[in-house]
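**Student:** Sharing a model that was predicted from the sequence below.
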Amino acid sequence: MQSGSTQTQVLIIGAGLAGTSLALSLPSSMHVTLLSSAPVPCGASPMALGGLAAVLSAQDSLEQHIEDTLEAGARHSDKEAVRGILQAAPDAVHWLLERQVPLDRTEDGQLHLTREGGHSRRRIVHAADASGYAIMQALAPQLAKAPHVQQRTDCLALTLRRNEQGAVAGVDIYDKHTHRYETILADHVVLATGGLGSLYAHSTNPDSALGEGVALAWRVGAAIRDLEFVQFHPTCLHAEGPTFLLTEALRGEGGHLLDKQGRRFMPAYDARGELAPRDIVSRAIAAHMRQEGSSHVWLDVRHLGADTLQQHFPKALEEGLCRGLDLRRDWVPVAPAAHYSCGGIQTDMSGRTTVPGLYAVGEVACTGLHGANRLASNSLLECVVMGRAAAEAIARSKRTQRSALVPETDAATTSSISSSCSYTNSNPSSSSSSSSSSSSQASVGPNWGLSLNSSSSSNPRPSLMTATAADTVENAIIANNDKACQYDGNDSYSNGSHKNHSSSTNNPPSLPALRNLMQEHVGLLRNHQGLIQALHTLDHWHGQISLLPPSLDQRTLSLQLDTAWLLTRAALDRPRSLGAHYRLD
């Protein structure tokens, strides 16, 4: 294999909605290189079914959108970030319209607004029930025609590189087309690599969503925040074939969750019923699955009518029919699956990380908007708003004087667990750029020392259920010797009490083994014992892969193990339940 180097002004790693919005918003005078690990459009953005939340109605208000976001996020969000991003939402929608994105309209030509869980008003613009696909299909041709953007597909980012001043100024990649390793030098490097949901065995995410961007940033010293908050989507189709997410708008329009007797059960858990935030609905489903000894519950949307389903939910209707289910006539089996990472690389409101020269936008970043649990349809919104904000900041910044890169450290090729570092706990009321005063020590790999910003708060979680409903969930889950909801034999909502499970240190390190480990011990329901076991296994696997000959597979798996370790450590260090992070103990 040969290696070489190229240069660009702005290097964007990731071609989803965040990376695409950024590239299209940069001035044409700047040379932009856009890397993707697969042909574009790729990633989670084309798979997004919901739309963008924005205040566009006289019956709505910015303050109400802010309140809904804060409540869904368990009051853990950064209030300044929430206000700033939501305030920019109408402009983001107008930008998409200017880009000829075909958003649904009413008969009188107004934008059609729908409602999803956690929203108190109709405020979600959408393109039927395949909004992400429609957006990316509209933007992809414009990206291809942009003269200042060079797109490179099938390229894997392996290591961020710093210059003599300590700024990120390049990245080592592997080009699957040429089978060559290469270093790309850049004045500005932007991570838009997406989420980490595919670290779990049961996920709505594309296979590429393995969290490598978090590990890349962490290895060069970037602060990581709120990584323990992994949102599980409540209603994923439980049928043969790939995981398919049934959009929350089905419940927003009046769909009901039923038990096997055909009775609605959500009102017993939360007064908002099916429109409660996702973390509550997911746990209620898990509890009910446990009570019934079943692998799923049922979603009933028949009463919405065939015309409504055909007009607003054609993708869900088509997907069901492909699997022998007709949403117009049948109950549909659903169960929760890993969906969205609320935390990530800490950034300011321009996408800047704590490391000079490095930006992060989209799901890989943590602006503080989502807090402990993302409000539906705030994610595509954040991609557009923050992509455009980062583009503006980069365009305003002075071009840096390129200098020699510091030699690559061993951290990129080995992950033996031998040293220790300090990390800081997050403060829910602080801004995303501030640091916390409390710290702990943890065993981590070489050059892994940096801010996790993810440990426990001294205050208990503000309840989003009635006390009775919360007790119902807790008791249903902990019953039967603390064994949590078993999910269809292979995927489980386990509390970590099982000994001799398939995710033991006896298994060699591999992506399937990692996914099973995370699903079992760091999933929807967690406890101390399971998290400790997961950390022990991850440490063991790190030691094993450090002994393997250097290879592309070894380097990518090492990044995935890093992110899994960070997520698990963050979950362990937050002993109280908060939002999407739920501790059985």
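**Tutor:** That came through fine.
**Student:** Could you report the neighbour count for Ser341?
**Tutor:** Residues contacting Ser341 under the criterion other Cβ atoms under 10 Å number 31. C-beta: built from backbone N, CA, C; applies to glycine.
**Student:** swap in Leu538?
**Tutor:** Neighbours of Leu538 using other Cβ under 10 Å come to 27.
**Student:** next one: the helix or strand hosting it to chain centre, how far?
**Tutor:** In this assignment (DSSP states H and E), Leu538 forms part of helix 528-545. Counting by Cα atoms, centre = their mean, to the nearest Å, helix 528-545 is centred 23 Å from the centre of its parent chain.
**Student:** What mean pLDDT does it get?
**Tutor:** Averaged across helix 528-545, the pLDDT comes to 96.
**Student:** and what of stretch 170-181?
**Tutor:** Averaged over stretch 170-181, pLDDT sits at 96.
**Student:** now stretch 28-44
**Tutor:** Stretch 28-44 comes out at a mean pLDDT of 87.
**Student:** for the residue nearest to Arg323 when sequence neighbours are not counted, what are its contacts?
**Tutor:** Residue nearest to Arg323 in three dimensions, not counting chain neighbours: Ala239, with 4.6 Å by Cβ to Cβ, 6 or more residues apart in numbering. Neighbouring residues of Ala239 by Cβ atoms under 8 Å, 6 or more residues apart in numbering: Arg323, Gly324, Leu325, Pro333.
**Student:** Show the pLDDT at Ala239.
**Tutor:** Here, the pLDDT recorded for Ala239 equals 84.
**Student:** Kindly report the same for Ser433.
**Tutor:** Per-residue pLDDT puts Ser433 at 37.
**Student:** heads up, I number from 41, so please use that
**Tutor:** From this message on, residue numbering opens at 41, which makes the last subject Ser473.
**Student:** Could you check the angle whichever helix or strand comes after the helix holding Leu578 makes with helix 568-585?
**Tutor:** Later in the chain than helix 568-585, the nearest helix or strand by DSSP H and E is helix 592-612. Orientation check (axes from the mean of the first three to the mean of the last three Cα atoms, to 10 degrees): helix 592-612 against helix 568-585 gives 160 degrees.
**Student:** my guess is Ala209 meets Ile224, correct?
**Tutor:** No - counting by Cβ atoms under 8 Å, Ala209 stays clear of Ile224, with 9.9 Å between them.
**Student:** Please identify which of these two sits among more neighbours.
**Tutor:** Taking other Cβ under 10 Å, Ala209 and Ile224 do not tie; Ala209 has more neighbours (28 against 23).
**Student:** From one end of stretch 93-107 to the other, what's the distance?
**Tutor:** With Cα to Cα, to the nearest Å as the measure, stretch 93-107 spans 13 Å from end to end.
**Student:** Which positions in it come out as buried?
**Tutor:** Ala93, Ala94, Val95, Leu96, Asp100, His105, Ile106 (16 or more other Cβ atoms under 10 Å).
**Student:** So of the residues you listed, which two are at opposite extremes in space?
**Tutor:** Leu96 and Ile106 (15.2 Å; Cβ to Cβ).
**Student:** Would you mind confirming that Met176 makes contact with Met87?
**Tutor:** No - the pair Met176 / Met87 is not scored as a contact, 9.5 Å apart, by Cβ under 8 Å.
**Student:** if you count what's nearby, which of these two comes out ahead?
**Tutor:** Ranked by neighbour count (other Cβ under 10 Å), Met176 and Met87 place Met176 first, with 23 against 19.
**Student:** Give me the spatial nearest neighbour of the more buried one, chain neighbours excluded.
**Tutor:** Nearest one to Met176, counting by Cβ to Cβ, 6+ apart, is Pro81 at 3.8 Å.
**Student:** check contacts around the one you found.
**Tutor:** Ala55, Gly56, Thr60, Met176, Gln177, Leu179, Ala180.
**Student:** For the host helix or strand of the last one, enumerate the helices and strands it packs against.
**Tutor:** Looking back up the chat, that one is Ala180. Ala180 is part of helix 171-185 when elements are defined by DSSP H and E. Counting contacts by 3 or more Cβ pairs under 8 Å, 6 or more residues apart in numbering; DSSP states H and E, helix 171-185 packs against helix 57-65, strand 189-192, helix 419-436.
**Student:** run the last query once more with 10 Å
**Tutor:** helix 57-65, strand 92-93, helix 129-138, strand 189-192, helix 419-436 (3 or more Cβ pairs under 10 Å, 6 or more residues apart in numbering; DSSP states H and E).
**Student:** winner for burial among those?
**Tutor:** Looking across the helices and strands packed on helix 171-185 with neighbours counted as mean count of other Cβ atoms under 10 Å, the highest average goes to strand 92-93: a mean of 31.
**Student:** got the contact list for that strand?
**Tutor:** For strand 92-93, the surrounding residues in contact (Cβ atoms under 10 Å, 6 or more residues apart in numbering) are 57, 100, 105, 108-109, 126, 129-130, 132-133, 136, 141, 143, 153-156, 158-159, 161, 163-166, 171-172, 175, 415-425.
**Student:** residues near Leu601, how many?
**Tutor:** Neighbours around Leu601, by other Cβ under 10 Å: 25.
**Student:** shared neighbours, Ala209 and Ile224?
**Tutor:** Leu51, Arg201.
**Student:** what about the stretch 341-490 of the chain, any weak spots by pLDDT?
**Tutor:** Within the stretch 341-490 of the chain, the stretches with pLDDT under 70 are 439-443, 448-490.
**Student:** rewinding a little: measure the residue nearest to Arg363 to Leu578 for me?
**Tutor:** According to Cβ to Cβ, to the nearest Å, Ala279 stands 32 Å off from Leu578.
**Student:** Would you mind listing the residues touching both of Met176 and Met87?
**Tutor:** Common neighbours of Met176 and Met87 (Cβ under 10 Å, 6+ apart) are Gly56, Pro81.
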